[in-house]
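In: This is the structure alone, sequence omitted:
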């Protein structure tokens, strides 16, 4: 490391003619007063290229996932019909309207749009009683689970490049830490931004919000049981999985390497483990139990695998 630090000024000096040349080209093209340091932001272009490569890889599978969603929609609608049938008489009695199942579905959709766009939330509960509103929410959870979530592995496998990219970043950080790289010479965080569907897929790729032995089933690509309908308790709830401004974080933790039943020794001075946070809250992973930081200890039984 001492050699690298000594050589850095020489390397920077050798890069200057190239940066000067590129700076002039950028000045002519964009009429901006770039400095050599601005040109060094080429690093960001490389990051963008990396992310675009990931995105293109995912797009190769996107059409397959979209086709699957279209194929499953009739099946999902059929499974939703008993709930809509159950809610429909309440609307007929309350508003004296000759509602159909499609009308119930449309009214529920409008209530959700009103809540999300105008922050008016009371009309949904006026649609029917609280129990039936929860049932309608259950139909949304059912659709999200089948079409966007765990219904078919292609839906979340398309996000595998994102996970691999994150794991590689953590591997690089471990090397940098072990070899005492100076701050600023390696990435400490990467913050990709995406839409809600990508977040749902990534959440499923991590195996979150599953029931019982479901994780073993998805490893074998076996079909999962559908989420339970209200009032039964269930882990999969769309409002919890992907609310507004939802996010996932993979946090690399460095824990003291000790021997004993409750500690994992890697043959080094420290061990590294991954903690998963969903909407800033720690959550358990099927193959990587949650870090126990309540007493500033690090108790982990397995490392993250993918």
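Out: Done, it's in. Bear in mind that the values here come from a model prediction, so they are computed numbers and not experimental data. Numbering: from 1, shown residues only.

In: Quick one: distance of stretch 219-227 to the chain centre.
Out: 20 Å (C-alpha atoms, centre = their mean, to the nearest Å).

In: Flag every buried residue along that stretch.
Out: Within stretch 219-227, the residues scored as buried using 16 or more other C-beta atoms under 10 Å are 224, 226, 227. From N, CA and C alone the C-beta is placed, and that goes for glycine too.

In: Could you list the low-pLDDT ranges of the stretch 51-200 of the chain?
Out: Within the stretch 51-200 of the chain, the ranges that satisfy pLDDT under 70 run 51-66, 124-125, 127.

In: and the residue of the chain positioned farthest from its centre, backbone torsions?
Out: In the chain, the greatest distance from the average C-alpha position (C-alpha atoms, centre = their mean) is reached by residue 96, at 44.0 Å. Backbone torsions for residue 96, taken as degrees, to the nearest 10, come to phi 50, psi 40.

In: And it, how close does it get to residue 110?
Out: 19 Å (C-beta to C-beta, to the nearest Å).

In: Confirm for me that residue 208 is in contact with residue 282.
Out: No: between residue 208 and residue 282 there is no contact under C-beta atoms under 8 Å: 11.4 Å.

In: which element follows whichever strand or helix holds residue 137 toward the C-terminus?
Out: Using DSSP states H and E, residue 137 maps to helix 130-143. Downstream of helix 130-143, the next assigned helix or strand under DSSP H and E is helix 153-157.

In: chain center to that next one: distance?
Out: Counting by C-alpha atoms, centre = their mean, helix 153-157 comes out at 13 Å from the chain centroid.

In: Next secondary structure element downstream of that helix?
Out: helix 160-178.

In: What residues sit buried inside that following helix?
Out: Under 16+ other C-beta under 10 Å, the buried positions of helix 160-178 are 160, 161, 162, 163, 166, 167, 169, 170, 173, 176.

In: Quickly name whichever of these is closest to residue 235.
Out: residue 163 (20.7 Å; C-beta to C-beta).

In: from what I can see that closest one touches residue 204, true?
Out: No: shown here, residue 163 and residue 204 do not form a contact pair, counting by C-beta under 8 Å, at 11.1 Å.

In: related to what we said a few turns ago, quick one: mark the members of the buried residues of stretch 219-227 that sit in strands.
Out: Cross-referencing the buried residues of stretch 219-227 against strands under DSSP state E gives no overlap.

In: Surely residue 271 is in a strand?
Out: Yes: assessed with DSSP: H, G, I helix; E, B strand; the rest coil, residue 271 lies in a strand.

In: Make sure it is actually in contact with residue 252.
Out: No: contact between residue 271 and residue 252 fails when scored by C-beta under 8 Å: they sit 11.1 Å apart.

In: Need the nearest residue in space to residue 68, chain neighbours excluded.
Out: What sits nearest to residue 68 in space, not counting adjacent residues and going by C-beta to C-beta, 6 or more residues apart in numbering, is residue 152, at 4.9 Å.

In: and the one you found, how many neighbours?
Out: Neighbours of residue 152 under the rule other C-beta atoms under 10 Å: 19.

In: and what of residue 235?
Out: Residues near residue 235, counting by other C-beta under 10 Å: 14.

In: Spatially nearest residue to it (excluding sequence neighbours)?
Out: That would be residue 209: by C-beta to C-beta, 6+ apart, it lies 4.6 Å from residue 235.

In: does that neighbour sit in a helix, a strand or a coil?
Out: coil.

In: Now do the contacts for it.
Out: Residue 209 sits next to 203, 235, 236, 237, 240, 241 when contact means C-beta atoms under 8 Å, 6 or more residues apart in numbering.

In: please redo it, this time with the cut-off set to 10 Å
Out: Residue 209 makes contact with 145, 149-150, 200, 203, 227, 234-237, 240-241, 278, 283, according to C-beta atoms under 10 Å, 6 or more residues apart in numbering.
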